[in-house]
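# predicted model follows, preceded by the sequence.
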Amino acid sequence: MAIHSMTVLARLYLFHRRQLWVAALLMIGSTGLVFGEPVAVAEAGAVSSFETEAAKDARLAWWREARFGMFIHWGVYSALAGEWKGQRVEGYSEHVQRLCKIKRADYLEEVVKPFNPAAFDADAWVRTAKEAGMGYIVITAMHHDGVAMYDSKVDDYNVVKTSRFGRDPLRELKTACDRAGIKLGFYYSHAIDWSLSGDPRYPEPNGPERRLACVERKALPQILELIENYHPALLWGDTPHLNPKELNERILLAVRKADPNLIVNGRLAGASHGDYLTTADRPAEFGLMRGPDERDWEAIPTTNESYGYHAFDKSHKPPAHFIRLLAKAAARGGNLLMNFGPRGDGTFAPEDQTILQALTAWWKTNGEAIRGTGRTPLAPQSWGESTLKGNRLYLHVFNWPADGRLLVGGLDAEIIQARLLATSGEKLAFTRLGADVEIRLPARAPDAADSVISLDCAERPRGGGPLLMQPAMPNDLSVFTAELLPAPTSKGSWKLGKGTSLTSHVQGWSKPDYAVRWQARLAEAGTFDVIARYDAPDAKGKTQVDTIGGKTTTTSGLTFGGDVLVSLGTQTLRGQVAETGLDVALPLGRVTLGAGPIEIKVSAGTITGQELMQLKSLRLVPVSP
C-alpha cells in the first residue's frame, strides 16, 4: 500500500512539472509562436507490430529501386551564406544561430522576416534532380532553428506567415515532384528546436518532461500535419540521442499509425527502429556493409563540407568523386542521398551546378547500371566496383588497365556477351581464365570517372574469394575492405574512422599487437612498389586543411611515430612513420610476388608516439620488367 501511494505521489509530481513546462512553452508562443492543440504521445511498446518483413519490403520497394536521391538543406539561414555580422562561420552554415549565439528575437527580425528567395523554382529543382538520375528528394521541412519551411497551422514561426517570401515551397515541390514522378520526403528536426529551447547542448534544463512538452506542443503535431497535408514518401529524423529513447519510440508509433507506408530513416528513433541505416555525416568512404543491420542503408555526402549553403566553403569535391561514390554505394546495396545547399535566393551555387551537370551527362549513358541494381556478388576489385541486376553484372571501371586487359576476379557465371555502355553497347571480347574472366578493352577509357561494362550472363552471377591483384594498374587496398586485428569492440578506441574526408583511416593504433590484414591473390607473378598512405595530424596544430570558412589548422591531440612492418607472404618491408600531415605517402620498397593466394598484413614494429599512425591504404604499383 505504501509503495502504491508513493507511485501516485510521484506521478502527481511529474504531472505538475510537465504542466509547468507546457505553461512555459505557451508563454513562448505569446511572443510570436501560435501553437495548435497538444497531441497526446502514445505509449511506446507497440512499434514492433508495424515492423514485419513483408511490410518493410513493401515500404522500401521504390526506395531500393531508386538508389540515388537529392538531399536539400535549405532554410532562412541560407541567406546568411555562412556569415553573421562580418563573422565567418566555421562549421555547418545551417547551425549559424547556435555557432554565433544569435538570440531568437534577433534571428526573427534579421533572418526569418527578411527571407525572400524570389528565384525559387520548384519545377527547375525537380527537373535538375531527375536529369541527374535522382529518384527522390528529401528537403528540410524544419531544421534546428525551428523555422518551418511550409504553411504550418501548428506554429506561425514559418516562412509563409513570418517571412517576406510568403509562399509554401514544400507545397510547390510536392506538386512538381508528383508531376515529374519523383518521390518527396521531409527532414524534420524532432529533437532540437532552438526557437523553443535554445541549444540542448548548452547547460540548461532539458529533462524528459521538457522534451515531452516540446514534442507534444510542436514537433509531433507538425510531423502529423506534414503527413496529412503533403503525403510524403519518406520521413528523415535527426539527433535522436537528444530525446529520451521512449519518447522517440512513441513518435515513431504515431507516425506508423498515421501512414504505415511512410519510410522512416534510422535517425528518428534509432537505427534498430528505422527502415534503413544512415551513415555518418559527409561520408567519403564506407566499408563493405555486410553486417546483418546493413542490408538497407543510405549515405549522405555533401558537395563541400557544409550541408546548408556556405559561400566561403570552397572545398568542393570533383564530380568524379560523386560518380564513384554512387557506384560504390550501389555495389554495397545502399543508396546515395547527395546533399545540395541552395542559396538564399533559391538557386544552386555555380560549383554545385557544375557537379550536377557532370552527373547528368554520366547518368544519361550509365544510369541503368545504378537504378534498380543490387549488391554485387564479387569480392573487391582493384579496377573499381560492380552492381547487379538480375543476370546482368555491371562493371564500373574507375582504373583503366594500361594493357587493355581487365581481369574480373572470382566471377562464377557463363557470360553471353560483354558491352561497353559509353560506346553505344560496343561488344567486347572476353576469355575465361580459370576462376577469373579477362575482358579486352579499347586503349582509352571513354569516361575517366567511371566507364561501365555490361556483362549478360546465362544465370545469376556468383562470386567470392580474395581480392585479385591487377598486373597493369595500381592496386589500392583500403582499410575499409580490410580485417582489423583484433576485431574492434564497441567501447574500444581501435576502430575504423567515420569515413569522412578527414577520418577515412584506422584509429587507436596504440598497441603493438594491432594489425590490418587483407587476403589477396595474383593470377600471374609481378613486381610491385609498395606505398603506405596514412594520416598523422601534427599534435602542435601545424597541419593545415581546407575546411568550412577557409583554411584552418587541425590537430588530433596525439603524437604519432614508430616502425611499420608490411608482410606480403614470406616477404617483409619496413618503414618509419616520421612525417606528420594528412594523406602522407610512405614508400616501403619493392617486392616480386608469385602467382597464387597471398596474405598482406600491416603491423607495428615499435610505437614511439601515442599511436603508430592512422593508416588509410596500402598501394601496390606494378613495375614494368
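Thanks, I have the structure now. For clarity, every value in this text was computed on a predicted model and none was experimentally measured. Numbers count the residues shown, from 1 in each chain.
# now do stretch 612-622, average pLDDT.
If you average the pLDDT over stretch 612-622, you get 98.
# hang on, I meant stretch 317-335
Regarding stretch 317-335, the rounded mean pLDDT is 98.
# check which residues of that stretch are buried.
Buried positions in stretch 317-335, judged by neighbour count with 16 or more other Cβ atoms under 10 Å: 317, 319-335. Every C-beta, even on glycine, is put in place using the N, C-alpha and C of the backbone.
# then stretch 127-147?
If you call a residue buried by 16+ other Cβ under 10 Å, then stretch 127-147 has these buried ones: 128-130, 132-147.
# what's the neighbour count on Arg574?
11 (other Cβ atoms under 10 Å).
# for it, give its distance to Pro587.
Remark: distance between Arg574 and Pro587 (Cβ to Cβ, to the nearest Å) = 12 Å.
# just the strands in the stretch 351-500 of the chain please.
Applying DSSP state E, counting those that start in this stretch to the stretch 351-500 of the chain gives strands spanning 384-389, 392-397, 405-408, 415-420, 426-428, 430-433, 436-440, 451-457, 467-469, 475-478, 483-485, 495-496.
# so which bits of the fourth one are buried?
For strand 415-420, the buried set under the neighbour-count rule, 16+ other Cβ under 10 Å, comprises Ile415, Ala418, Arg419, Leu420.
# distance check, Phe617 against Ala213.
I think there's a mix-up here, since residue 617 is Ser and not Phe. For Ser617, the distance to Ala213 - Cβ to Cβ - is 50 Å.
# go on, Glu249?
From Glu249 to Ala213 the distance is 18 Å (Cβ to Cβ).
# do Pro597 as well
For Pro597, the distance to Ala213 - Cβ to Cβ - is 62 Å.
# more neighbours, those two?
Ala213 (23 against 11).
# check which helix or strand covers that one.
helix 208-214 (DSSP states H and E).
# next: Leu277.
strand 277-281.
# partner strands of that strand and their direction?
With DSSP bridges as the test, strand 277-281 is paired with strand 297-300 (parallel).
# need the next SSE after the strand it pairs with, C-terminal direction.
helix 319-331.
# packing partners of that next one?
strand 335-340, helix 350-366, strand 384-389, strand 392-397 (3 or more Cβ pairs under 8 Å, 6 or more residues apart in numbering; DSSP states H and E).
# what residues are up against Asn391?
If you count contacts by Cβ atoms under 8 Å, 6 or more residues apart in numbering, Asn391 has them with Ala413, Asp456, Cys457, Ala458, Glu459, Arg460, Pro461.
# could you rerun that using 7 Å?
The neighbourhood of Asn391, defined by Cβ atoms under 7 Å, 6 or more residues apart in numbering, consists of Asp456, Cys457, Glu459, Arg460.
# and the next element down the chain from the lowest-mean-pLDDT helix or strand in the chain?
Here the helix or strand of the chain ranked lowest by mean pLDDT, DSSP states H and E is helix 2-29, holding a mean of 38. Next helix or strand after helix 2-29 toward the C-terminus (DSSP H and E): helix 53-66.
# that older thread, buried subset of the contacts of Asn391, written for ChimeraX?
This is the ChimeraX syntax for the buried subset of the contacts of Asn391, where burial follows 16+ other Cβ under 10 Å:
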select :457
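# could the contacts of Asn391 go into JSON lines alongside distance to Arg167 and pLDDT?
Converted to JSON lines, the contacts of Asn391 look like this (distance: Cβ to Cβ, whole Å; pLDDT from 0 to 100):
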{"residue": "Asp456", "distance to Arg167": "50", "pLDDT": "98"}
{"residue": "Cys457", "distance to Arg167": "52", "pLDDT": "98"}
{"residue": "Glu459", "distance to Arg167": "54", "pLDDT": "97"}
{"residue": "Arg460", "distance to Arg167": "50", "pLDDT": "97"}
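# reformat the contacts of Asn391 as CSV; add distance to Ser493.
Formatted as CSV, the contacts of Asn391 follow (distance: Cβ to Cβ, whole Å):
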residue, distance to Ser493
Asp456, 48
Cys457, 44
Glu459, 46
Arg460, 42
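# partner strands of the helix or strand hosting Leu620, parallel or antiparallel?
Under the criterion of DSSP H and E, Leu620 resides in strand 614-622. Looking at strand 614-622 with DSSP bridges, its partner strands are strand 475-478 (antiparallel), strand 526-536 (antiparallel).
# buried sites along it?
In strand 614-622, counting by 16+ other Cβ under 10 Å, buried: Gln614, Leu615, Lys616, Ser617, Leu618, Arg619, Leu620, Pro622.
# and stretch 581-589, by the same measure?
Leu582, Val584, Leu586, Leu588.
# filter those residues down to just the ones in helices.
Judged by DSSP state H, the subset of the buried residues of stretch 581-589 located in helices is empty.
# which of those fall within strands?
The members of these that map onto strands under DSSP state E are Leu582, Val584, Leu586, Leu588.
# can you add distance to Thr387 and give these back as JSON lines?
As requested, those are exported to JSON lines (distance: Cβ to Cβ, whole Å):
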{"residue": "Leu582", "distance to Thr387": "31"}
{"residue": "Val584", "distance to Thr387": "33"}
{"residue": "Leu586", "distance to Thr387": "34"}
{"residue": "Leu588", "distance to Thr387": "34"}
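# just checking, Glu483 touches Tyr514?
No: counting by Cβ atoms under 7 Å, Glu483 does not reach Tyr514; the two are 11.8 Å apart.
# and the two? which has more neighbours close in?
Using other Cβ under 10 Å, the more surrounded residue of Glu483 and Tyr514 is Tyr514, with 20 against 13.
# now do the phi/psi pair for the more buried one.
Note on Tyr514: its backbone torsions stand at phi -80, psi 150 [degrees, to the nearest 10].
# what's near enough to touch the residue lying closest to it once chain neighbours are set aside?
Using Cβ to Cβ, 6 or more residues apart in numbering and skipping the chain neighbours, the partner closest in space to Tyr514 is Trp494 (5.7 Å). Residues in contact with Trp494, defined by Cβ under 7 Å, 6+ apart, are Leu484, Pro488, Gly508, Tyr514.
# and the closest residue to the first one other than its chain neighbours, which of the three is it?
Counting by Cβ to Cβ, 6+ apart, Val516 is the residue found nearest to Leu484 once chain neighbours are left out, at 6.1 Å. Under DSSP: H, G, I helix; E, B strand; the rest coil, Val516 falls in the strand class.
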